[in-house]
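> here you go, sequence then predicted model.
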Amino acid sequence: MCGVVGIIGKKNASSLVLEGLKKLEYRGYDSAGIASFYQKSIQVAKSEGKLVNLINKVNDLTKDNLYYDTSIALGHTRWATHGNVNIKNAHPLTSENRVAVVHNGIIENYASIKKTLESEGYVFTSQTDTEVLPHLFNKYLKKGHDFLQAGRLVLKDIKGAFAFVAICLDFPDQLFVSRNSSPLAIGLGEGSNFVGSDAQSINHLTNKIIYLEDGDYALIKVNNIEIFNNESNKIDRKIINVQSELGLITKGGYKHFMEKEIYEQPSVIPHTISSFINPKSTIDIDLDKLGFSQKSSLIICAAGTSYYAALIGKYWIEQIADVPVIVDLASEYRYREPSIFGQSSMLVISQSGESLDTLMALRYAKKLGLKTNAIVNVEGSTIDREVDYSLRTKVGPEIGVASTKSFTSQLVILFLIAIALGKKFNNLKPPKIESYVSYLNKLPRAISKMLELESQIITVAQAIKNANSVIFLGRGYLYPLALEGALKLKELSYIHAEGFAAGEMKHGPIALIEDKLPVIMFLIADGLEDKSISNLQEAHSRGAKIFLFADKACIDKAPFAHFKIEIPNFSDEFKSVLSPVLMSIPAQLLAYHVAKERGTDVDQPRNLAKSVTVE
Ligand code: M6R
């Protein structure tokens, strides 16, 4: 989603803003822009497509003396919401060469504000909701307000989820910033200050970060930052020292971040495991904080891949701990008047910790009186800060838009929660607890073995790369994994794909089967494998091309399969209970290789964003 960066007090502010924007690229965007002041005028450069286009443009303009790098600048990567992808709609947006604004989020009441502003003579040049912001600033400045007062009045007028940065020619030594539900971090420098959509975007400039809270606004000068809360009281927000993770943000010899992140799993998952299993091999998860001082049911909310992790978590927690779990899409939860009968807490799952839908679900749960907990990867993210208890996956930055290592690490924490709850509520006896914990310790090595299947998976990728549609099937733990496999494939390769519970096929989806339609099944002997094989047979009989990923016990049960990949040999219970983690590796590699075969943008697929900060 959109990213913003602002800098004041650094000689080459524009170049540094472009560097910051580079670090926001992973979020997904379709155009970019930058603005600064030069000789009492706002200079703006914008471009469609990748950031490199903007960088080249700024370089050319600089060479021709049409752009000057000065000590104040703001920049933006835009993920279109209101208005097409074009230069006019790209940010920064300006008003009468006086104010420039970059914005992430949506101004929900922009239409009525726009109407009023137009009747007052303001000319709109874009189709965006954002453009009301510079015009509103201008309107209040014209009435004689200073930048801070004008900003306050703008905030009174607007509704929605937003984070924005404004500059004004009349106050060339000030940035006005504000946030409401969209993330924004202020960075503290010496003789300079910064603002960015996340700490990472400004960590080439400082490690000292202040996260604004909802409704906060601030006036940032070179040597001074004044922060106000939503009641306009001056307020001090905590300064946090963030560790620079920049060193980790390279492709490390891989072609894509996604490929690197898939291959990192055996080395980063131990970080997740070791932060929750202490040297005595007991699990360090505070179940009281999690809302389980006594047995109750749990609601888990999430979106996308994190939602599929939640579904797998439900299977584990119900089977291992006999604790009822309800899983809901975060975007549905707060609008459906949910019953909280029997629940004391909500768990949200979010890699980024910024998904607005998930954030809103947790805020709603708080209002309902539930404790809130999260599984997040990004420390310091809004969700990480707002929940009562945060369980961090600690797998390092995930740059590829597709969730890979964050998904498997979320699963690890969910499995740990299941064991801890099973122990607490006496559903799991000691030998079982120990063997489950030992399974986790074996997991990284097992993932490495699964990665060795890559060359066979490339063959499958080549076989399905031209399909119009692909069906994924799974049963039990592998049903949510089928959903995840389909999501991965569609988001990376743009091939239509759907996942189904194998047993559901005959209740409708089987109508989709036509000659040569690829049907992919993940299968592990779990006592129900013969039923799954029958489901596969039914698809085959109607012309489907069958691709089977299965263990030794099942692989020969589908002689009709077009292509079979036998997974390495692991002990029966280990491979069965941790099958969704093991099978996520072929699902990820398959999506990756189909995308590569088709030449799509693996790390930043079209229309997608890493951090989904709008509803
Ligand atoms: O950061 P989150 O885990 O909250 O993100 C949720 C989804 O937007 C995310 O999982 C999305 O589905 C990914 N692109 C999946 O690969």
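Cool, got the structure.

> which residues of the protein lie near the ligand?
Residues of the chain lying close to the ligand by C-beta under 6 Å from any ligand atom are 303-306, 350-352, 355, 358, 401-403, 491, 608, 612. Backbone N, C-alpha and C define where each C-beta goes, glycine included.

> contact partners for the closest residue to the ligand within the stretch 101-250 of the chain?
Residue nearest to the ligand within the stretch 101-250 of the chain: Pro183 (11.7 Å; C-beta to the nearest ligand atom). For Pro183, the contact set (C-beta atoms under 8 Å, 6 or more residues apart in numbering) comprises 104, 163, 197-198, 211, 354, 381-382, 611, 613.

> can you do 7 Å?
For Pro183, the contact set (C-beta atoms under 7 Å, 6 or more residues apart in numbering) comprises 163, 197-198, 354, 382, 613.

> doesn't Val177 make contact with Val165?
Yes - assessed by C-beta atoms under 7 Å, Val165 is found in contact with Val177 at 4.9 Å.

> okay, the contacts of Pro183 in CSV with pLDDT and neighbour count next?
CSV is the format used below for the contacts of Pro183 (pLDDT from 0 to 100; neighbours: other C-beta atoms under 10 Å):
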residue, pLDDT, neighbour count
Ala163, 94, 25
Ser197, 93, 31
Asp198, 89, 28
Glu354, 92, 25
Thr382, 92, 28
Thr613, 78, 27
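
> let's have those residues in a markdown table, adding secondary structure.
Output for those, formatted as a markdown table (DSSP: H, G, I helix; E, B strand; the rest coil):
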| residue | secondary structure |
| --- | --- |
| Ala163 | strand |
| Ser197 | coil |
| Asp198 | coil |
| Glu354 | coil |
| Thr382 | helix |
| Thr613 | coil |
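
> confirm Pro266 sits in a helix?
Yes - using three-state DSSP, the secondary structure at Pro266 is a helix.

> OK, contacts around it?
444, 447-448.

> out of those, which are buried?
Buried by 16 or more other C-beta atoms under 10 Å: 444, 447, out of the contacts of Pro266.

> hmm, Arg598 is touching Lys465, no?
Yes - at 5.7 Å, Arg598 and Lys465 qualify as touching, with contact defined as C-beta under 7 Å.

> what sits closest to the closest residue to the ligand within the stretch 301-450 of the chain if chain neighbours are left out?
Of all residues in the stretch 301-450 of the chain, Gly304 sits closest to the ligand, at 2.0 Å by C-beta to the nearest ligand atom. Nearest residue to Gly304 in three dimensions, chain neighbours excluded: Leu487, at 6.7 Å (C-beta to C-beta, 6 or more residues apart in numbering).

> measure the one you found to Gln588 for me?
Note on Leu487: its distance to Gln588, by C-beta to C-beta, to the nearest Å, is 11 Å.

> any residues in contact with both of Val165 and Val177?
Common contact partners of Val165 and Val177 (C-beta under 7 Å, 6+ apart): 6, 195.

> these two: which is more packed in?
The neighbour comparison of Val165 against Val177 (other C-beta atoms under 10 Å) goes to Val165, with 28 against 25.

> regarding the more buried one, what is its secondary structure?
Going by three-state DSSP: Val165 is strand.

> quick one: residues contacting it.
Going by C-beta under 7 Å, 6+ apart, Val165 touches 4, 6, 74, 102, 175, 177, 195.

> so which of those are in strands?
Those of the contacts of Val165 mapping onto strands are 4, 6, 74, 102, 175, 177, 195, per DSSP state E.

> in space, what's closest to the first one - neighbours in sequence excluded?
Read it as Val4. Spatial nearest neighbour of Val4, chain neighbours left out: Val102 (4.6 Å); criterion: C-beta to C-beta, 6+ apart.

> list the residues that contact the one you found.
4, 74-76, 91-92, 164-165.

> hang on, the earlier thing: of Leu487 and Gln588, which one has the most company?
Using other C-beta under 10 Å as the criterion, Leu487 and Gln588 rank with Gln588 on top: 29 against 22.

> dihedrals phi and psi, the closest residue to the ligand within the stretch 451-600 of the chain?
Per C-beta to the nearest ligand atom, Glu491 is where the stretch 451-600 of the chain lies closest to the ligand, at 5.6 Å. When read as degrees, to the nearest 10, the backbone of Glu491 gives phi -70, psi -30.

> my read: it touches Arg606, true?
No - Glu491 lies out of contact with Arg606 (C-beta under 7 Å); the separation is 9.3 Å.

> the two: which is more packed in?
Using other C-beta under 10 Å as the criterion, Glu491 and Arg606 rank with Glu491 on top: 21 against 10.

> which residue, other than its chain neighbours, is closest to that one?
Pro605 (5.3 Å).

> residue contacts, the one you found?
Neighbouring residues of Pro605 by C-beta under 7 Å, 6+ apart: 401, 491-492.

> I'd like those residues as TSV, with pLDDT and distance to Ser344 appended.
Shown next, in TSV, are the contacts of Pro605 (pLDDT from 0 to 100; distance: C-beta to C-beta, whole Å):
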residue	pLDDT	distance to Ser344
Val401	92	35
Glu491	96	35
Leu492	97	39
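
> quick one: the residues you listed as JSON lines, columns for distance to Glu434 too.
Shown next, in JSON lines, are those (distance: C-beta to C-beta, whole Å):
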{"residue": "Val401", "distance to Glu434": "38"}
{"residue": "Glu491", "distance to Glu434": "39"}
{"residue": "Leu492", "distance to Glu434": "39"}
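
> return the member of the residues you listed nearest to Ile320.
Distance to Ile320 across the contacts of Pro605 (C-beta to C-beta) is lowest for Glu491, with 30.5 Å.

> how near is the closest one to Ala446?
The spacing between Glu491 and Ala446, counted by C-beta to C-beta, is 26 Å.

> ditto for Tyr333
34 Å.

> give me every residue that touches the closest residue to Asn84 other than its chain neighbours.
Nearest non-adjacent residue to Asn84, counting by C-beta to C-beta, 6+ apart: Gln127, 7.1 Å away. Shown in contact with Gln127 (C-beta under 7 Å, 6+ apart): 82-83, 89.

> among the residues you listed, which one has the most neighbours?
Among the contacts of Gln127, the one with the most neighbours (other C-beta under 10 Å) is Asn89, at 24 neighbours.

> now that residue: how far from Lys57?
Taking C-beta to C-beta, one finds Asn89 at 16 Å from Lys57.

> now stretch 455-468, how far from the chain's geometric center?
Using C-alpha atoms, centre = their mean, to the nearest Å, the mean C-alpha position of stretch 455-468 is found 27 Å from that of the whole chain.

> hmm, I typed the wrong one, I wanted stretch 570-578.
Using C-alpha atoms, centre = their mean, the mean C-alpha position of stretch 570-578 is found 30 Å from that of the whole chain.
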